[in-house]
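*Asks:* Coordinates for the following, if possible.
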Amino acid sequence: MKREAAAEGGEGEGEKGGENFCLKSLLDKGSVESHRYYLARRTVLEMLKDRGFAVPSCEIEVSLEEVRNKHGQIPEVDEWGVSSLHKENLEMQVLVLFSGPGIVKVNNIRAIAAQIVNKDSLSGLILVVQNKMTSQALKAVELFSFKVEIFQIADLLVNVTKHEMKPKHQVLTNEEKQNLLKKYSIDEKQLPRMLQKDAIARYYGMEKGQVVKVTYGGELTQLHVTYRCVW
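*Replies:* Residues are numbered from 1 along each chain as shown. The predicted model follows:
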């Protein structure tokens, strides 16, 4: 798959060079930067939709050529923001912002805080960065009154849930979780664990104590279901 190939270039010897080479190999013309933003933004939109936010399919399916025609070859990060309301809970609103290629410093976080207009109505912020963050910047993020998730753009070049080798994951509602525990007469601590920093847990924005149903199956293996609790 093309998207998987784009991500594999970031591993092994010459990480950045390999990644750039792999991305360039997918392009007839155009900049690596615009392709990276395109892939990352598409994954973010898919992630929001899988979390239950209202994301039109036409936004996800927009082509690289259309994106380049709109944003150009050298993307301006301010143009890539996304804001979305949850389909079932209209009080939940998430904002996605992209940062530039430089190290994220505390002044950058202050600038982000200043540009957020409706802080009171915001329930979450997803910040996509391209470089490391200083310790002061990370501390500043903790001062926000809403949840802030930080993703490296390299981690969003591929949607981890779409890999053909990945089992199916379904986040249980609290009611479904309680029914599961009651059915097997167990406590959540007795379930296999999934770390909150796990790629799947991060993709779905899972909190500690939430349970995910994992379904394994394929042509060579029998259907197998297990449950994991986030810690």
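*Asks:* thinking Val106 is in contact with Gln136, fair?
*Replies:* Yes: contact criterion C-beta atoms under 8 Å: Val106 and Gln136 qualify, at 4.2 Å. All C-beta atoms are positioned from the backbone trio N, CA, C, and that covers glycine.
*Asks:* Could you chop this protein up by domain?
*Replies:* As given by automatic domain parsing, the domain ranges for the chain are 2-160, 167-230.
*Asks:* Contacts for the biggest helix by length in the chain, please.
*Replies:* For the chain, the longest helix by residue count, based on DSSP state H, is helix 32-50. Outside helix 32-50, the residues that touch it by C-beta atoms under 8 Å, 6 or more residues apart in numbering are 3, 6, 20, 23-24, 26-27, 55, 59-60, 64, 67-68, 71-75, 80, 82, 84, 94, 96, 98, 126, 128, 151, 153, 156-159, 161-162, 203-204.
*Asks:* Show me those that map onto strands.
*Replies:* Counted as lying in strands by DSSP state E, out of the contacts of helix 32-50, are Val82, Ser84, Val94, Val96, Phe98, Ile126, Val128, Phe151.
*Asks:* between those residues, which is nearest Phe144?
*Replies:* Nearest to Phe144 among these is Ile126, at 12.1 Å by C-beta to C-beta.
*Asks:* which residues does that closest one contact?
*Replies:* Listed by C-beta under 8 Å, 6+ apart, the contact partners of Ile126 are Val44, Val94, Leu95, Val96, Leu97, Val148, Glu149, Ile150, Phe151.
*Asks:* again with Val160
*Replies:* Lys166, Ala199, Ile200, Tyr203.
*Asks:* Return the set of buried residues in stretch 187-204.
*Replies:* By neighbour count on 16 or more other C-beta atoms under 10 Å, the buried set for stretch 187-204 is Glu188, Leu191, Met194, Asp198, Ile200, Ala201, Arg202, Tyr203, Tyr204.
*Asks:* For the protein, which segments count as helices?
*Replies:* 2-8, 15-25, 32-50, 57-60, 64-71, 106-115, 135-141, 174-184, 199-203.
*Asks:* where's Ser123 relative to His86, distance?
*Replies:* 8 Å (C-beta to C-beta, to the nearest Å).
*Asks:* One more: Val225?
*Replies:* Val225 is 27 Å from His86, where distance means C-beta to C-beta.
*Asks:* Settle it for me: which of these two has more neighbours?
*Replies:* Higher neighbour count among Val225 and His86: His86, with 17 against 12, using other C-beta atoms under 10 Å.
*Asks:* so where's the protein uncertain?
*Replies:* Judged by pLDDT under 70, the chain has its weakly predicted residues at 1-28, 218-221.
*Asks:* distance between the ends of stretch 75-83?
*Replies:* Stretch 75-83 has its terminal residues 18 Å apart, counting by C-alpha to C-alpha, to the nearest Å.
*Asks:* Check which residues of that stretch are buried.
*Replies:* Pro75, Trp80, Val82.
*Asks:* how far out from the middle of the chain is it?
*Replies:* Relative to its chain's centre, stretch 75-83 lies at 16 Å (C-alpha atoms, centre = their mean, to the nearest Å).
*Asks:* before we move on, back to that, which neighbours do Ser123 and His86 have in common?
*Replies:* Taking C-beta under 8 Å, 6+ apart as the contact rule, Ser123 and His86 both touch Met92, Gln93, Val94.
*Asks:* quick one, what contacts the spatially closest residue to Leu181 that is not a sequence neighbour?
*Replies:* In this structure, Leu181 finds its nearest non-sequential neighbour in Glu188, 6.3 Å apart by C-beta to C-beta, 6 or more residues apart in numbering. Glu188 is in contact with Lys177, Leu181, Gly209, Val211, Cys229, counting by C-beta under 8 Å, 6+ apart.
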